[in-house]
Every structure is written in C-alpha cells, then in structure tokens.
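In: Prediction below, plus the sequence it came from.
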Amino acid sequence: MANYLAFTFSSAISATFMHPACAEPRDPGPCRGYTLAYHYDPSSNSCQPFHYGGCGGNRNRFYSYLTCTYLCKRNEIPWILKKVADGEGSYEDWQRWRKKLRL
C-alpha cells in the first residue's frame, strides 16, 4: 500500500509540477545588459541559456539552470519530492529546498 501511495503521489506531482512562468515565451527585454539567464523551452523540454537585457522581459527567466529545471522541466520530479514520496524526507526538507531556490 505504501508503494502505491508513493507512486500515486509521484505521478500526480510529475503531471502537475510546472511553474506558470514556464509557459511564457523567452523575452530578453528591451535593455542592452548582458546577464546570463535561463529560460524554459517547451519544444525541447529543456532550459536554455540566453542573455537577459536587464529590464522588462517576463517571468520565464531564471538565474540558475537548476532553478529553471526544477520549476519547469516536465516529467521530472525534484529529488526532495521523491524522498518525501518514498517516506525518506519530510515536509520541512521540502520547505528548506524551496527557500534555497527562493520559490
């Protein structure tokens, strides 16, 4: 029964765990700065680097590949959620992970 619940929990998360910003198109903004950022590209289901201009743009802009991947990449569950589903992690672990990524 525990394995079934963990599988159900994991399946539900993988199907729904995507931040709304990930659906927005890449937008470097109108300014001419040169800041390395990452955006989620749904056609390749991957996070791609781009140069953010420093102003404007939209929310599909992440300053680390790790954050972009965990928030946007479909069919991948963050390791901490896998641990919680397997009974090895706790809700507090999840909260610490969220704070670390500033979610």
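Out: Happy to help now that I have it.
In: helix or strand for residue 71, which one?
Out: With elements taken from DSSP states H and E, the one containing residue 71 is helix 65-72.
In: swap in residue 96?
Out: Judged by DSSP H and E, residue 96 forms part of helix 91-101.
In: so what does that helix touch, helix or strand wise?
Out: Contacts defined by 3 or more C-beta pairs under 8 Å, 6 or more residues apart in numbering; DSSP states H and E place helix 91-101 against helix 65-72, helix 79-85. Yep, even glycine has a C-beta here, placed from its N, CA and C like the rest.
In: which stretch in these has the least confidence?
Out: Of all the helices and strands packed on helix 91-101, the minimum mean pLDDT falls on helix 79-85 (a mean of 64).
In: so where's the protein uncertain?
Out: Residues of the chain that meet the criterion pLDDT under 70 lie in 1-17, 74-89, 100-103.
In: which SS state does residue 36 fall under?
Out: What DSSP: H, G, I helix; E, B strand; the rest coil gives for residue 36 is strand.
In: ok, now which ones touch it?
Out: 49, 50, 51, 52 (C-beta atoms under 8 Å, 6 or more residues apart in numbering).
In: Try it again at 7 Å.
Out: 49, 51 (C-beta atoms under 7 Å, 6 or more residues apart in numbering).
In: so what's it bridging to?
Out: residue 51 (DSSP bridges).
In: returning to that earlier point: pull the helix holding residue 96 out as CSV, backbone CA atoms only.
Out: Extracted C-alpha coordinates of helix 91-101, given in CSV (Å, rounded to 0.1, in the frame of the first residue of the first chain):
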residue,chain,number,x,y,z
TYR,A,91,7.7,18.5,4.7
GLU,A,92,10.4,20.5,6.5
ASP,A,93,13.0,19.2,4.0
TRP,A,94,10.7,20.4,1.2
GLN,A,95,10.4,23.9,2.8
ARG,A,96,14.2,24.2,3.1
TRP,A,97,14.6,23.2,-0.5
ARG,A,98,12.0,25.8,-1.6
LYS,A,99,13.7,28.5,0.4
LYS,A,100,17.1,27.6,-1.1
LEU,A,101,15.6,28.2,-4.6
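In: buried sites along that helix?
Out: By 16 or more other C-beta atoms under 10 Å, the buried positions in helix 91-101 come out as residue 97.
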